[in-house]
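Novice: what's the 3D shape of this:
(4 chains)
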2 protein chains.
Amino acid sequence: MTTQSHIAKLAKTSLKTVSRVINKDPLVNAETRARVEKIIAEVGYQPSQAARMMRSQTSNIIGFMADQVATTSSSIDLIRGAQDVAWESGKHMMLFNIEQGKESERLAASQLSGFRAEAVIHATVYHQEVRVLTDDMPGVLLNCFEAETRFPTVLPDDRQLAFDLMNCILDKGYRNPLFLNLSDQIIASRLRAEGAMAAAAARGIDLKGRILEAAHAPNGEPASYRTEAILPQAMQSATPPDVIICGQDLMAISVYSILADLGLKVGKDVAVASFDNLMPLAGLLLPGLTTVELPYYEMGRAAMKLAIEGASAPETTRLPGRIVERHSL
Amino acid sequence: MTTQSHIAKLAKTSLKTVSRVINKDPLVNAETRARVEKIIAEVGYQPSQAARMMRSQTSNIIGFMADQVATTSSSIDLIRGAQDVAWESGKHMMLFNIEQGKESERLAASQLSGFRAEAVIHATVYHQEVRVLTDDMPGVLLNCFEAETRFPTVLPDDRQLAFDLMNCILDKGYRNPLFLNLSDQIIASRLRAEGAMAAAAARGIDLKGRILEAAHAPNGEPASYRTEAILPQAMQSATPPDVIICGQDLMAISVYSILADLGLKVGKDVAVASFDNLMPLAGLLLPGLTTVELPYYEMGRAAMKLAIEGASAPETTRLPGRIVERHSL
DNA sequence: ATGAAAGCGCTAACAT
DNA sequence: ATGTTAGCGCTTTCAT
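Specialist: As a prediction, this is how the structure comes out:
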């Protein structure tokens, strides 16, 4: 493998000058610099990160431990946001798909530790409480939090998301919403219920009995929606809802199917709204699903910034979402 | 940071013995080993990968460049398969999300080169032709291929997938299939068309005119399905299909919606089958979608094995899929 | 503006 | 079974 001293010989200069050129030290004669750079390009030399890390005692590595993050297409944006910031800052991001509490988590942590990562971002696929292993490295929590906040934390503002969506729905004149929420075990569900109730209360509408737990388990097993048990009955009750709010876009699929079964047209007989903006799914449903997009990309960016700054204050950042209106509402 | 010589001092032995313990060299007295291991555990020492890489001139790093792979939930299995094999073999997998031809591809490649990666796996989100930058590192292509095969390549056996699915459909007595294929620009589409036609021909059925291009672009923009233009017309023709085969599960969503609109019940009036087994989507549709699961996890494993073995023969491995039967068929 | 020397933490090679 | 020495490729430090 080519080394800097090899380059130095070819350029008839010293090892140190080559090092200066590579590190963009301004104290190099323009002519010398040009000569060295030409040779570097010719031989396709890449400095050894291993040697650099060892000598400078800085790895420039930020770890990203993704707890099943990539199993949901939207949460990949957490990764994209983080990676973009890492590159903008000249850092290396080491990415691992792990499962919490499993062997993969320990393997990833020890690998990062072996590479002397400067910080680790712990990301989860949905907003949830976690307990991360306390490593030797500073941590940032992304889309998750600990009971006692030990680390800087970046979260979606679920309360606000639901508040905004409910406002938007009521603005359009709907008065009888049915909120098929995710499991109460999920913190996001509870926050969204709060947000929705607050928005409705501000208009004198009481949502009591109109927010139902329509999923058994945390998002891990979305197949366990209770929509079939709840929805037909609700639609045939004395006061059927004029709008159905789903805890997530996947639930909306099953809601669309059930409504079709009941002979009801979405967007005409009854409106549907949801959370996630799962692309391209939300646009493929007929009519297109109005849904709240979560700020995953921005969250990823925010988390990486905190990791790079070496933030250690255990403060929580909450980012707002965006309502994507389509014809189901 | 703790070092091996630090451990050596604490254990009243030499640097080299500590190194031996860590590298599981059998030539160490059991007692000494125990003493050293105890101290290592106590101080939470992790050997520096940088120093190890530098001295041993082996990085143990395999790169994985994922071209938008994580944007589709099923293709994450490519990553899981590869990572599992890497860990089983004591290798580090460095994972990057890139976009082909963009800055991110070059950044990832130069990072891998700087870390002296031993091989690089190039993976794409769908089966397609690519042209990878020829790096200094040996490559493996995963879910993609080059015009002239320069690298070991791992692909799904799309021809066989469609052959098997069509066989399964005809076994159940369906005789009038309509195959809403993906774009002809996609190699998988052409292979699947071949496979489907071969299976039908074996039963004396001619699929001419029954395989339609129902998507404009490669998978990048699935919103551009032409199902709305094709399907209502086909269903109201003189010989309406008794089974519809979709190029992918996402297309099936739109097919379900359109059929519901036409007042037709999937699984009763008309059957639907598809490709991908996109979970949990395929199980959420009502009735559950029968679909062909692609062998992504096994493909990921196969690619990593080739990368680790240092395979350089430009041979193509084609892996079979699996039909997941649900009530739509 | 350039260079020489030292040394980061580890393992290979060679003692003992 | 254990220890000593050298050196991987770079950056830091200190000259010049």
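Novice: Show me the shaky parts of chain A.
Specialist: For chain A, residues meeting the criterion pLDDT under 70 lie at A:69-74, A:217-223.
Novice: What residues of stretch A:10-18 count as buried?
Specialist: Within stretch A:10-18, the residues that count as buried by 16 or more other CB atoms under 10 Å in any protein chain shown are A:10-11, A:13, A:17-18. The C-beta positions use only the backbone N, C-alpha and C, and glycine is treated the same way.
Novice: Can you name the two of those that sit furthest apart?
Specialist: Within those, A:Leu10 and A:Thr17 form the most distant pair, 12.2 Å apart (CB to CB).
Novice: Give me the phi and psi for A:Leu212.
Specialist: Here is the backbone geometry of A:Leu212 (degrees, to the nearest 10): phi -120, psi 150.
Novice: okay, now the spatially closest residue to A:Arg326 that is not a sequence neighbour: neighbour count?
Specialist: Nearest non-adjacent residue to A:Arg326, counting by CB to CB, 6 or more residues apart in numbering or on different chains: A:Gly288, 3.1 Å away. Applying other CB atoms under 10 Å in any protein chain shown, we find 18 residues neighbouring A:Gly288.
Novice: The one 10 residues further on now?
Specialist: Neighbourhood size, A:Glu298 [other CB under 10 Å]: 19.
Novice: now A:Leu27
Specialist: 6.
Novice: That one touches A:Arg20, doesn't it?
Specialist: Yes: here A:Leu27 lies in contact with A:Arg20, judged by CB atoms under 8 Å, at a distance of 6.6 Å.
Novice: got the residue ranges for the helices in chain A?
Specialist: For chain A, applying DSSP state H gives helices covering A:4-11, A:15-22, A:30-43, A:49-56, A:76-88, A:103-114, A:158-171, A:187-201, A:227-235, A:249-261, A:281-284, A:296-309.
Novice: Tell me who's in contact with the residue nearest to A:Arg326.
Specialist: Neighbouring residues of A:Gly288 by CB atoms under 8 Å, 6 or more residues apart in numbering or on different chains: A:282, A:326-328.
Novice: now do A:Gln83
Specialist: The contact partners of A:Gln83, by CB under 8 Å, 6+ apart, come to A:64, A:93, A:95, A:300, A:304, B:96-97, B:104.
Novice: Could you export those to TSV, including columns for neighbour count and distance to A:Ile211?
Specialist: Below are the contacts of A:Gln83 laid out as TSV (neighbours: other CB atoms under 10 Å in any protein chain shown; distance: CB to CB, whole Å):
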residue	neighbour count	distance to A:Ile211
A:Phe64	31	35
A:Met93	26	39
A:Leu95	27	37
A:Gly300	29	30
A:Met304	30	35
B:Phe96	23	42
B:Asn97	23	37
B:Ser104	19	42
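Novice: nearest spatial neighbour of A:Leu178, skipping sequence neighbours?
Specialist: A:Pro241 is the one closest to A:Leu178 (CB to CB, 6+ apart), at 3.6 Å.
Novice: buried residues in stretch A:299-316?
Specialist: Buried, per 16+ other CB under 10 Å, within stretch A:299-316: A:299-308, A:311.
Novice: Tell me the residue of the stretch 151-300 of chain A that sits nearest DNA strand C?
Specialist: Nearest residue of the stretch 151-300 of chain A to DNA strand C: A:Phe151, at 26.1 Å (CB to the nearest atom of the strand).
Novice: A:Glu315 is in contact with that residue, correct?
Specialist: No: applying CB under 8 Å as the test, A:Phe151 and A:Glu315 come out as separate, 9.4 Å apart.
Novice: and the residue lying closest to A:Ser89 once chain neighbours are set aside, what does it touch?
Specialist: Using CB to CB, 6+ apart and skipping the chain neighbours, the partner closest in space to A:Ser89 is A:Ile308 (5.4 Å). Contacts for A:Ile308 (CB under 8 Å, 6+ apart) come out as A:62, A:85-86, A:89, A:91, A:118-119.
Novice: circling back: for DNA strand D, tell me which of the buried residues of stretch A:10-18 show up nearby.
Specialist: Filtering the buried residues of stretch A:10-18 for proximity to DNA strand D by CB under 7 Å from any atom of the strand leaves nothing.
Novice: Distance to B:Gln236 added to those, as a markdown table?
Specialist: Shown next, in a markdown table, are the buried residues of stretch A:10-18 (distance: CB to CB, whole Å):
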| residue | distance to B:Gln236 |
| --- | --- |
| A:Leu10 | 75 |
| A:Ala11 | 76 |
| A:Thr13 | 79 |
| A:Thr17 | 78 |
| A:Val18 | 74 |
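Novice: now, among those residues, which is nearest to DNA strand D?
Specialist: Within these, the smallest distance to DNA strand D is 7.5 Å, found for A:Val18 (CB to the nearest atom of the strand).
Novice: my read: that closest one touches A:Thr2, true?
Specialist: No: in this structure A:Val18 lies outside contact range of A:Thr2 using CB under 8 Å: 10.7 Å.
Novice: For DNA strand C, what is the nearest residue in the stretch 201-329 of chain A?
Specialist: For the stretch 201-329 of chain A, CB to the nearest atom of the strand, closest residue to DNA strand C: A:Gly310, 19.6 Å.
Novice: Once you drop chain neighbours, what's closest to that residue?
Specialist: Using CB to CB, 6+ apart and skipping residues adjacent in sequence, the residue nearest A:Gly310 is A:Pro138, 6.3 Å away.
Novice: residues contacting that neighbour?
Specialist: A:118-120, A:151, A:307, A:310, A:312.
Novice: among these, which two are most distant?
Specialist: Maximum distance among these (CB to CB): 14.3 Å, for A:Glu118 and A:Phe151.
Novice: still on that earlier bit, and of the contacts of A:Gly288, the nearest to B:Gly247?
Specialist: The closest of the contacts of A:Gly288, once distances to B:Gly247 are taken by CB to CB, is A:Ala282, at 19.7 Å.
Novice: Any figure for the gap between that closest one and A:Ala215?
Specialist: 18 Å (CB to CB, to the nearest Å).
Novice: and these two? which has more neighbours close in?
Specialist: Using other CB under 10 Å, the more surrounded residue of A:Ala282 and A:Ala215 is A:Ala215, with 27 against 23.
Novice: doesn't A:Leu250 make contact with that one?
Specialist: No: counting by CB under 8 Å, A:Ala215 sits too far from A:Leu250 to count as a contact (9.7 Å).
Novice: Tell me which strands the lengthiest strand in chain A pairs with, and in which orientation.
Specialist: With secondary structure taken from DSSP state E, chain A has its longest strand at strand A:119-129. Looking at strand A:119-129 with DSSP bridges, its partner strands are strand A:61-67 (parallel), strand A:139-145 (parallel).
Novice: I'd like those strands written out as JSON lines, with distance to DNA strand D added.
Specialist: JSON lines is the format used below for the strands paired with strand A:119-129 (distance: least, CB to the nearest atom of the strand, whole Å):
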{"stretch": "strand A:61-67", "distance to DNA strand D": "15"}
{"stretch": "strand A:139-145", "distance to DNA strand D": "25"}
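Novice: Looking at the ones you listed, which is nearest to B:Arg33?
Specialist: Per CB to CB, nearest to B:Arg33 of the strands paired with strand A:119-129: strand A:61-67, 30.1 Å.
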